[in-house]
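>>> one predicted model, sequence on top.
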Amino acid sequence: MARRRLLTREALARHYEPSVDDREITRHFTLSQDDFDLIATRRGETSRLGFAMVMLYMRWPGRVLESGETPPAPILSFVARQLDLSPGLWSHYGRRDETRRSHLAHLMKRYGYRTFDRSAFHDMTGFAMPIAHHVTQPSRMAAILIDEMRRRSILLPSVTVIEALVRRARQQADHLVHDVLAGDLPPETRCRLDKMLERRGDRSASSLSWLRNPPLSPAARNILRLLERLEYVRSLNLDSARATTIPRVAFDRLSEEAARITPQHLAELRSSRRYAILVAAGVRLEEVLTDATLTMMDKLLGSMMRRAEHRIRDKAIVTMRSLQAQLRLLTTSCRHLIEARDQGVDSLSAITGIDWPRLQDAIGRAETLTAPETIDRTAELINRHRSLRPAIGPFLNAFQFQGGRTVQGLLKAVQIIGDLYRTGKRRLPDSCPIRFIPPSWHSFVRPEGTVIRQAYELCVLTQLRERLRAGDIWVTESRQYRAFDTYLLPEATFAAMRAQGPLPLAINATADTFLSQRRAVLETALNRVTALARKGELSQVRLDAHGLVISPLKAITPPAVEELRRAAYDRLLYPSPFQPCRG
């Protein structure tokens, strides 16, 4: 099978063929006085024109003007005009290949140009290999190599040689990445990685396929399935720090290959590449599954809250209808009391006609309907604790939640609940933290001074959800919920940059220097404003003995914009008959 081409002459045409743009022609093909003096040493007009073109092509685009090749007419005319020669002389120069080679050898010796030989191939491969870690597009990498060869005065080889150079650099870079990422794996880890490509028991799918296709619907059972996959990945015993031993672009490329290549094809790859891809897959899968589990719990709690809200809304409608009969009875009874007071009649004698059993029943119903657990979303959410309970313990015990001082009470509560599920205990300790509990939860978590476990667990989960979203709590293995400090420069890197010289900042890092610079800018601005104020030239501002008066800015719409606005409104009101009707 033919090897797939990385580069073509058409893809690199702009690097090999000079542009015929007037500005580019002037930039690259203008002769200097030294050039005129050197060209004048050639005998004959044809020789001078050919010598000049060979010299200019060596400078830009940096290659040899091939035998029988004719430069573009605009470039040839531009150079011939500078030499006061006819462009038609080029056809005679093209017949003399010996003269062209003689000119080429003379110019290479004079200006230090060299051809692309085996030594240059070795040097450029060493230059390109580090670049191949970060640059994935062959055409972009070829452009970098061409620019470097021009800088080193190496005449550009053919496109096939450039392609071979890019391919060799990519191969060496890949081999280095594979060795760094997976070269020191112990035999037992390699064995576990190989088992990822095998079938899971009596199932048709491999472990890698199982890991790459986690459930997405938010449910307690799916959280357990995600945690099962996460536990499998952790059992591979892969250090996440391996991802930092190679460039991020190279690691992302390997992890993308792991997500794209089938397990059957992975098993057929060279061992070093296969293990590197599987290591990248394991490290990335731990991040992905961690984020998926945390996100699913977030969505599950959110959906439970929405369902509780909808349930309470429906209950409120039913409650309002049920309360109407009780309210009518209570209203009638209260009306009798008010009339008795206004008429000076004894209240007890006024209510002797009230149906007391019915009134007592109405009051009991009203108390039931107005209880917090009937009309509060939090109470409805607590009633749904049973559906979430199977996933609470495994979820809290699966991750190491971390945070600052302000969330230590919440983190302690997370640890306590996790310990309860791990040890099988049922009762919360007397010293469990409660300072993080919001006021809206107090009446449910501690209704009579005793902490209710179901309410406490849901309160902890909802607060953990909010703190994860805010970034106050983070998870080490996560990519989405990681610590804010990981987005910053490492302290060692910052110290090294500071020791090497001034920091690459848009402001001065020294406080005194920065303040003095800002003070100078402020004084300059004040002096300018003062001078304009004395002349009365401040726009929309009047400064005199009566004080400072600043005219408010007027919202002025340009006439062209106003016309465009009217045209837009006309189209909305009277649509074009040629436009299709959408309904």
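It's in. Residues are numbered from 1 along each chain as shown.
>>> now do the domain split for this structure, please.
Per automatic domain parsing, the domain ranges recorded for the chain read 31-111, 187-306, 307-347+355-381, 399-485.
>>> let me have those in CSV, extended by mean neighbour count, mean pLDDT and distance to residue 171.
In short, each C-beta sits where N, CA and C put it, glycine included. Below are the domains of the chain laid out as CSV (neighbours: other C-beta atoms under 10 Å; pLDDT from 0 to 100; distance: least, C-beta to C-beta, whole Å):
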stretch, mean neighbour count, mean pLDDT, distance to residue 171
domain 31-111, 16, 90, 26
domain 187-306, 17, 91, 11
domain 307-347+355-381, 13, 71, 56
domain 399-485, 16, 92, 30
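>>> of the ones you listed, which is nearest residue 136?
Evaluated with C-beta to C-beta, those place domain 187-306 nearest to residue 136, the distance being 6.4 Å.
>>> now do the closest one: distance from first to last residue.
From its first residue to its last, domain 187-306 covers 50 Å (C-alpha to C-alpha, to the nearest Å).
>>> distance of residue 433 from residue 422?
Taking C-beta to C-beta, to the nearest Å as the criterion, residue 433 is separated from residue 422 by 19 Å.
>>> do the same with residue 527
For residue 527, the distance to residue 422 - C-beta to C-beta - is 72 Å.
>>> for the stretch 101-250 of the chain, which segments count as helices?
118-134, 138-151, 159-182, 187-195, 207-212, 220-235, 248-260 (DSSP state H, counting those that start in this stretch).
>>> nearest to residue 310, out of those helices?
Using C-beta to C-beta, the nearest of these to residue 310 is helix 220-235, at 19.4 Å.
>>> returning to what we had before: same list (the helices of the stretch 101-250 of the chain) but as CSV, adding distance to residue 34.
What follows is those, written out as CSV (distance: least, C-beta to C-beta, whole Å):
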stretch, distance to residue 34
helix 118-134, 27
helix 138-151, 20
helix 159-182, 31
helix 187-195, 64
helix 207-212, 65
helix 220-235, 67
helix 248-260, 44
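>>> indicate which one of these is closest to residue 493.
Across those, closest to residue 493 is helix 248-260 (C-beta to C-beta), at 14.5 Å.
>>> what is that closest one packed up against?
With contacts defined as 3 or more C-beta pairs under 8 Å, 6 or more residues apart in numbering; DSSP states H and E, helix 248-260 has these neighbours: helix 118-134, helix 159-182, helix 271-343.
>>> of all those, which one is nearest residue 500?
Using C-beta to C-beta, the nearest of these to residue 500 is helix 118-134, at 20.1 Å.
>>> give the contact list for residue 36.
Residues in contact with residue 36 (C-beta atoms under 8 Å, 6 or more residues apart in numbering) are residue 83.
>>> just how off-centre is the host helix or strand of it within its chain?
Using DSSP states H and E, residue 36 sits within helix 33-39. Chain-centre distance of helix 33-39: 55 Å, with C-alpha atoms, centre = their mean, to the nearest Å.
>>> so which strand or helix has the closest residue to residue 220 other than its chain neighbours?
Closest residue in space to residue 220, ignoring its immediate chain neighbours: residue 391 at 4.1 Å, by C-beta to C-beta, 6 or more residues apart in numbering. Assigned by DSSP H and E, residue 391 belongs to helix 385-398.
>>> return the list of strands paired to the very next helix or strand once past that helix, each annotated with direction.
Later in the chain than helix 385-398, the nearest helix or strand by DSSP H and E is strand 401-403. Here strand 401-403 is paired, per DSSP bridges, with strand 473-475 (antiparallel).
>>> give me the residues contacting the strand it pairs with.
Against strand 473-475 from outside (C-beta under 8 Å, 6+ apart): 290, 294, 399-403, 407, 410-411, 464, 467-468, 481-484.
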